[in-house]
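Could you look at this predicted model? Sequence included:
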Amino acid sequence: MKLGIRARFALALAGLAGYVVAGAGLLGLGVWSSADAVDQGVLTRTLAEQAAFLVVGGVLYVAGLALFLGRIFAAYVVPLRRLAADTRLITAANPGHRLESGRPQELAALVDAVNELAGEYQAAREAADTRSAADRAALEADRNRLAALMSELSVAVLVCNVEGQILLYNAAARELLSADPAGRAAVGLGRSIFGLIDRELFGHAVDRIQAAAGAFHAATTGPGDLLLRVRMTPVGGETGGYVLTLEDVTRRAEAGHRRDAALRALSEGTRAPVAAIRAAIESILDYPDMAVGERERFAEIIREETLRLSDHVERTLAGGSGYLTDRWQLDDVRGADVLTTVARSVRTVQGVTVAIRAPAEEQWLEVDTYPIAQAVTDLVRLLHAEQGVTAVEFCLGDADGHAAFDLRWPADAADRNPEDTVRRWSSEPRVGGLLERHDGEAWFAVDHHGPYVRILLPWSRTPPVAGSPVPPALTRTPSRPEFYDFDLFRAVPAGTAYDDRRLDELAYTVFDTETTGLEPSQGDEIISIGAARIVNGRLLLQETYEQLVDPGRSVPAASQRIHGITPAMLTGQPAIDDVLPDFERFAQGSVLVGHNVAFDLKFLALKEASSGVRLSQPVLDTLLLSPVAHPDHADHSLEAIAGRLGVRVLGRHTALGDALLTGEIFVRLIPLLADRGITTLGEARVAVRRTHQARISATLYKKY
Amino acid sequence: MSHRVLIVDDEPNIVTSLEFLMRRAGHDTAIATDGDQALTAVATFHPHLVLLDVMLPHRDGFQVCQQLRADGWTDLKIVMLTAKGREAEVAKGLAVGADAYVTKPFSTRELVDQVAALLAGDA
């Protein structure tokens, strides 16, 4: 076993002391053997008389020597070791790091030399990085183009590898599946798709695809009671994987049910009254000899049932309207977007200028935009050709609960007959069908502003709530979000034990909590949880978790000064027992990472019984990993590690800010650990335990 | 010969016509307006034939029909009337023991003829 540096120093010191004592003894032996009996007697006496002096003198001599050697050790050996560690830091983690030149002066030259070398290394590495960055950028550009394409698709797309790990999703998929917390937690790079789709169904689909070598379709319920239609197709190539497109058919299915119900009500509800009417009238006609009273009674029945019938038809149609036509297939579209789309199409008509009067507030229509744009373009083309219209303006308003899409043009002195043109246009089957499908109408009119064509369209019955996501086709995200990670195609086979998994391949959840104080056993509570995920060595800024928690108690002013969370911010927030299941879902299938994570875990452990959440995955602590990577540094606070590893410290003392900082640090610790031969989770855990114990015993020795 | 016909329907307007038609065909009639009444009426009135609506309060026509057959009314002719008329329901009605299944609205003359035919078979 390798001895520690202090043990080696002590051993060297003991050897030196032994050497000195042995030298003195040898000298004494020489003097003794050359003396005669009288002198030997004198020597014996003198030695006996001066024994105390000799012993003390010897000890002092050795002590002085030890002190001197200790100084040399402290001045040269310890700094040398730190120099070695810092130099390794430059090559492994932070090329911008430089050694501190200080005492002793003899080492300053070495420090300068190393720093000079570091400068050249940094420059060379940056040059190499730039070169490989260019190569990578080309590849990235391709990938980004694909990702951009995906994110613009209004269809929800997920790509997973053969193990069912998600390696790409687009904005539409995230939006679709984020209907409830479970779905929100389930969409993420490296996450298992089985959080979204039943494992059995996936297996069945894989079998079917392999058998038929084609796409597989199925309907399944998704998060938040969504009814999803899933289409799954295999990805070619040796790596394999599947592309899944998801479609929310909840509304369509519901519309189908309602339409069926309306049709059933119409058919069944009309049979009984019609039966009564028919029986009555046939009785009257077939039995002309019936008594007057009887005849009157039958006439009364006919009137009653006729009224009942018409009433029933009215009510059924009112309740099921919109479902009996195919209006339910129309999309909710912003009014402004309808105007823009129509205007864009109309601009293709030569010789006509187009203007839009934008609506003042957000309005939603229920329309099929494209055919409307086509129809309006046809109309403008006709108006231009037959009526000489050269400028049109579109605006949108309300007319008795309908959306009024108005097409206006300046009054023309040479009064021709636009009404006829408009009538011919609206009687075209294509336009007629379109209007019918929208339960709409179109007509020509003139008011004090001039001539116009009004097209009535339906307002949205269930307008998307304000602040709801803009349809992906209209979103333009300036920075490309991390929606994909194709490196996941090389999936680690499921079933590999955690301890054998490589540190740079594992998925992690870095998290941090803010609390009312430091003593969970004394009633302190969590008031905020922040977390982020690390997949394939990448901290995913798009997949974070942040939740304030109502602690059900006061928040001491002292702690408010640290985290800045006031009681007012916590009112109305969920309780910890409701938050932890969400957090558990977010952290599912990953290794937990925190800084001084024992503190956070203590709070979580106390909530196991009440929340039913028991986090069973492995845990790593950057506070304990840092000494493994840097045994010669004493300060392992978050700031100190961040400084050493060149991580910018931002947003400290918010749960998410600290979690992200911890994540950045952890990602940079992984290669440093690899330098020390620590590449798997199991090795990291062993190293942490050993270093931790060594530090505890070192602290004990210092104390006693 | 005269037969006894029990009319079971909860809608008085159709009952009026059915009662009129059956009387004119020379039958004695009795009326029940729900499933429970229908069972009692069969026990007291001993009809030869029941015009039994499917949609009844308390106990629907299928249950009444099944109960009657289970109670041993095997010679009793049962004509079920329904406003639903799905094919599966016709099958169900015949399966639980109905002799005929008539969908509303129906031709009065055909109904009268069908009742006559069933009763003739009985006689």
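Looks like it arrived, so ask away. Numbers count the residues shown, from 1 in each chain, chains lettered A, B, ... in the order given.

number of nearby residues for A:G70?
With neighbours defined by other Cβ atoms under 10 Å in any protein chain shown, the count for A:G70 comes to 12. C-betas here are computed from N, CA, C, even on glycine.

neighbouring contacts of stretch A:306-313?
The list of residues contacting stretch A:306-313 from outside it, by Cβ atoms under 8 Å, 6 or more residues apart in numbering or on different chains, reads A:265-266, A:269-270, A:273-274, A:277.

Just give me the closest of those to chain B.
Top of the list for closeness to chain B, among these and by Cβ to the nearest Cβ, is A:V274 at 4.3 Å.

Confirm that that closest one sits in a strand.
No. Counting by DSSP: H, G, I helix; E, B strand; the rest coil, A:V274 is located in no strand; its state is helix.

Now for it: which residues touch it?
Residues in contact with A:V274, defined by Cβ under 8 Å, 6+ apart, are A:305, A:309, B:104-105.

rerun that using 10 Å as the cut-off
Taking Cβ atoms under 10 Å, 6 or more residues apart in numbering or on different chains, we find A:V274 in contact with A:305-306, A:309, B:83, B:104-106.

which of those has the weakest pLDDT?
Looking at the contacts of A:V274 by pLDDT, the weakest one is B:A83, with 84.

State the mean pLDDT of the helix or strand containing A:A185.
Taking DSSP states H and E as the criterion, the element that holds A:A185 is helix A:181-186. Here the mean pLDDT over helix A:181-186 is 70, rounded to a whole number.

Past that helix, which element shows up next along the chain?
Past helix A:181-186, further along toward the C-terminus, the next helix or strand under DSSP H and E is helix A:199-212.

buried stuff in that next one?
The neighbour-count check on helix A:199-212 (16 or more other Cβ atoms under 10 Å in any protein chain shown) flags A:201-202, A:205-206, A:208-209 as buried.

Stretch B:84-102 spans what distance, first to last residue?
Between the start and the finish of stretch B:84-102 there is a gap of 10 Å, counting by Cα to Cα, to the nearest Å.

Read off the pLDDT value for residue 91.
Unless you meant another one, I'm taking chain A. pLDDT for A:T91: 79.

my bad, chain B
At B:A91, the predicted lDDT confidence score is 83.

returning to that earlier point: so which of the contacts of stretch A:306-313 sit within strands?
With strands defined by DSSP state E, no entry of the contacts of stretch A:306-313 lies inside them.

returning to that earlier point: which one of the contacts of A:V274 sits closest to B:H3?
Top of the list for closeness to B:H3, among those and by Cβ to Cβ, is B:F106 at 19.6 Å.

just checking, the closest one touches A:I277?
No. Distance between B:F106 and A:I277: 11.8 Å, which falls outside the contact criterion (Cβ atoms under 10 Å).

more crowded one of those two?
Shown here are B:F106 and A:I277; by other Cβ under 10 Å, A:I277 has more neighbours (23 against 17).

surely the more buried one meets A:R303?
Yes. If you go by Cβ under 10 Å, A:I277 and A:R303 touch, sitting 9.4 Å apart.

Which positions in chain A make contact with chain B?
Where chain A comes near chain B, counting by Cβ under 10 Å from any Cβ of the partner chain, the residues are A:264, A:267-287, A:289-290, A:294, A:297-298, A:300-302, A:304-305, A:308.

ok, 7 Å please
Residues of chain A lying close to chain B (Cβ under 7 Å from any Cβ of the partner chain) are A:268, A:271-272, A:274-276, A:278-280, A:282-283, A:286-287, A:294, A:297, A:301, A:304-305.

So which of those sit within helices?
Counted as lying in helices by DSSP state H, out of those, are A:268, A:271-272, A:274-276, A:278-280, A:282-283, A:286, A:294, A:297, A:301, A:304-305.

Centre-most residue in chain A?
Nearest to the geometric centre of chain A sits A:E543, at 1.6 Å (Cα atoms, centre = their mean).

Can you name the residues that contact that one?
With contact taken as Cβ atoms under 7 Å, 6 or more residues apart in numbering or on different chains, A:E543 is in contact with A:188-189, A:532-533.
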